[in-house]
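Engineer: model the structure of this input:
(chains A and B)
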Amino acid sequence: MIPFIQLFSLYVIIHGTSGPGGGFQGGVVFGASFILYIIAFNLIRGKKRLPESVNTVFSSLGLYIYAGLGFLCIIFSFGVAQYLNYGFLPFTDHFEKNRAVGMDLVEIGIGIMVMGIIASIFFDLAGTEEDREEGEKKESK
Amino acid sequence: MTRLPVIALILISFLCALFFYVAEDIPVFCDPNSPSIKYVELFSMNAEKVEDFLEKDVIPKSLIDQFLRRGFPRPSRVGKVDGREGEWNAFIPKEELHYSKEVKYYLIKKEEDQLKVFRYAFVVRWIEKGEEETGVPNMVTHGLADYRGFDTLGEIVVIFTAGVSVILLLRRRGRL
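Structural biologist: Numbers count the residues shown, from 1 in each chain, chains lettered A, B, ... in the order given. Predicted structure coming up:
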């Protein structure tokens, strides 16, 4: 069932510009699929499936995609310095189509970021007290 | 029966009643023609001579003076609203930074012998020009990611800060 949920969330993110949907919603659905995995199996297998390092990278990658796209806009607008005006990006020939492609990329960034943050908050909250104490012992050693 | 559940029941039923009332009392959303979201009234003036000029699609000088005295941009041309008697659109010319095209800006409406002047709200431009300007048919998305891109960037930063602070407090227990 989890692959179907993830496929649906990717559909929601990709169709954020042409139909109902968007980055926030798709990201939340994707994060919920990981939460379902942990509820069905357990936290350790969930952490194997989505390691903490990968999760942290994901949660900051989305923000970097968004802000970096705005920075690219500054570079390509040649002195006008219009932050987040996607029309100047050189994807296609038309100003309006560029804006659409830029918006798609921004939605993907939002989706990745929301997914990472939701999963990481759930991983942190789901650990029991024993897990934490074991972790502290490991850290202190 | 203890007192606490009774008080909670009373409070919750009060909240339910309040929300039912609010849901019944909500004004009609999504009606693009309702006056409260379509335009803002600026001023009204005497209609006698001005109307003849407007019928010929010419802006009278007294009207331009009214605009400039209140600090509004100068209209360049007027045109009749399709299918409406006694209503005119006034356009302002192309301006380099804020408007890259000619924009429909004022609505002039005749009511009895007074001429009322309205300014179009941003929503009108959003609904009518959004798809053409951004190439995206979903009205919510091009509002969220393009027109209000800075706002969405701020929302993203809020979520990111929440996630990072949870990592700091729970995973690392406050140690930096």
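Engineer: which secondary structure element of chain B has the lowest mean pLDDT?
Structural biologist: Lowest on mean pLDDT, DSSP states H and E among the helices and strands of chain B sits helix B:35-38, with a mean of 66.
Engineer: over to chain A?
Structural biologist: Lowest on mean pLDDT, DSSP H and E among the helices and strands of chain A sits helix A:129-140, with a mean of 61.
Engineer: hey, which helix is longest across chain B?
Structural biologist: Secondary structure of chain B read by DSSP state H shows that its longest helix is helix B:3-25.
Engineer: wait, what's in contact with residue B:54?
Structural biologist: If you count contacts by CB atoms under 8 Å, 6 or more residues apart in numbering or on different chains, residue B:54 has them with B:60, B:78, B:88, B:108. Where C-beta positions appear, they are placed from N, C-alpha and C, glycine not excepted.
Engineer: how near is it to residue B:107?
Structural biologist: Separation of residue B:54 from residue B:107 (CB to CB, to the nearest Å) stands at 12 Å.
Engineer: joint contacts of those two?
Structural biologist: Common contacts of residue B:54 and residue B:107, defined by CB under 8 Å, 6+ apart, comprise residue B:88.
Engineer: and residue B:43, how far is that from chain A?
Structural biologist: Per CB to the nearest CB, to the nearest Å, residue B:43 is found 34 Å from chain A.
Engineer: three-state assignment of that residue?
Structural biologist: At residue B:43 the chain is in strand, as set by DSSP: H, G, I helix; E, B strand; the rest coil.
Engineer: ok, it - contacts?
Structural biologist: By CB under 8 Å, 6+ apart, the neighbours of residue B:43 are B:66, B:70, B:116-117.
Engineer: let's see 10 Å
Structural biologist: Residue B:43 sits next to B:66-67, B:69-70, B:72, B:115-118 when contact means CB atoms under 10 Å, 6 or more residues apart in numbering or on different chains.
Engineer: put the alpha carbons of stretch A:23-40 into PDB.
Structural biologist: Extracted in PDB, the C-alpha atoms of stretch A:23-40 (Å, rounded to 0.1, in the frame of the first residue of the first chain):
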ATOM      1  CA  GLY A  23       3.900  21.000  -2.900                       C
ATOM      2  CA  PHE A  24       2.600  21.200   0.600                       C
ATOM      3  CA  GLN A  25      -0.200  18.700   0.200                       C
ATOM      4  CA  GLY A  26       2.000  16.200  -1.800                       C
ATOM      5  CA  GLY A  27       4.800  16.500   0.800                       C
ATOM      6  CA  VAL A  28       2.500  15.800   3.700                       C
ATOM      7  CA  VAL A  29       1.100  12.700   1.900                       C
ATOM      8  CA  PHE A  30       4.600  11.400   1.200                       C
ATOM      9  CA  GLY A  31       5.600  12.000   4.900                       C
ATOM     10  CA  ALA A  32       2.500  10.200   6.000                       C
ATOM     11  CA  SER A  33       3.500   7.100   4.000                       C
ATOM     12  CA  PHE A  34       6.700   6.800   6.100                       C
ATOM     13  CA  ILE A  35       4.600   7.300   9.300                       C
ATOM     14  CA  LEU A  36       2.300   4.400   8.100                       C
ATOM     15  CA  TYR A  37       5.400   2.300   7.500                       C
ATOM     16  CA  ILE A  38       6.700   2.900  11.100                       C
ATOM     17  CA  ILE A  39       3.200   2.100  12.600                       C
ATOM     18  CA  ALA A  40       2.900  -1.100  10.600                       C
END
